[in-house]
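Visitor: Build the 3D model from these lines:
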Amino acid sequence: MELTRENSIQMWAVLNSLADVKTSAKGAYGIAKNKRILETEKEAIQKAQQAEMNESVPQELQDFELARVELCKEYADKDEDDNPILSNNNFKIVERNAEFLKALNELRAEPKNAEALKARQDKEDKFQNFMKESIEVDLHLMKVDDLPNDITAQQVEALGDLVIE
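Guide: Below is the predicted model:
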């Protein structure tokens, strides 16, 4: 069966959520077998992600992030003690938002920052393209009648062509 790596992860997640649900022996077999098959692809994706995360963050990008945080502190709304206000771990910037956005865009436009941000975006795009690539996986097709009775339409949709009538 041909599917994208992204779909394989979604499929694995649904099968994993169904692993403890009571179903017929055929259903349990299909769930376990397909989950095991997709586990290999899931592990390959995780290794690719881990390799990406283990790469050191370029100094230029670290410098940009430090400067960005300083801008956030400078333009953030302040409490009565003149400390930046945080909301869900984010700086709250309402009062001077237009000024902040102008300063942030200027920071992003600086050549060294623009280059570092483009390099980061290129890496993210490369990984997204990797996730959208089609792969061939020999999955065990499952009949609708073999699925658990309480499976949701969303779960069935995620399983896609794995489910036959």
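Visitor: which is the next helix or strand following the lengthiest helix in the chain?
Guide: The longest helix of the chain (DSSP state H) is helix 25-54. As assigned by DSSP states H and E, the chain's next helix or strand after helix 25-54 is helix 59-75.
Visitor: helix or strand right after that following helix?
Guide: Taking DSSP H and E as the definition, the helix or strand right after helix 59-75 is strand 86-87.
Visitor: didn't residue 140 look like it was pressed against residue 34?
Guide: Yes. With contact defined as Cβ atoms under 8 Å, residue 140 reaches residue 34; the gap is 5.5 Å. The C-beta positions use only the backbone N, C-alpha and C, and glycine is treated the same way.
Visitor: More neighbours: which of the two?
Guide: residue 34 (23 against 14; other Cβ atoms under 10 Å).
Visitor: circling back to that earlier point, list the buried ones in the longest helix of the chain?
Guide: 27-28, 30-31, 34-35, 37-38, 41-42, 45 (16 or more other Cβ atoms under 10 Å).
Visitor: what's it packed up against?
Guide: With contacts defined as 3 or more Cβ pairs under 8 Å, 6 or more residues apart in numbering; DSSP states H and E, the packing partners of helix 25-54 are helix 5-18, helix 111-132, strand 142-143.
Visitor: Residues contacting stretch 60-69, please?
Guide: With contact meaning Cβ atoms under 8 Å, 6 or more residues apart in numbering, stretch 60-69 is reached by 104, 107-108, 112-113, 115-117, 119-120.
Visitor: Emit the PyMOL select command for whichever of these are buried.
Guide: Restricted to buried positions by 16+ other Cβ under 10 Å, the PyMOL selection for these reads:
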select buried, resi 104+107+113+116+117
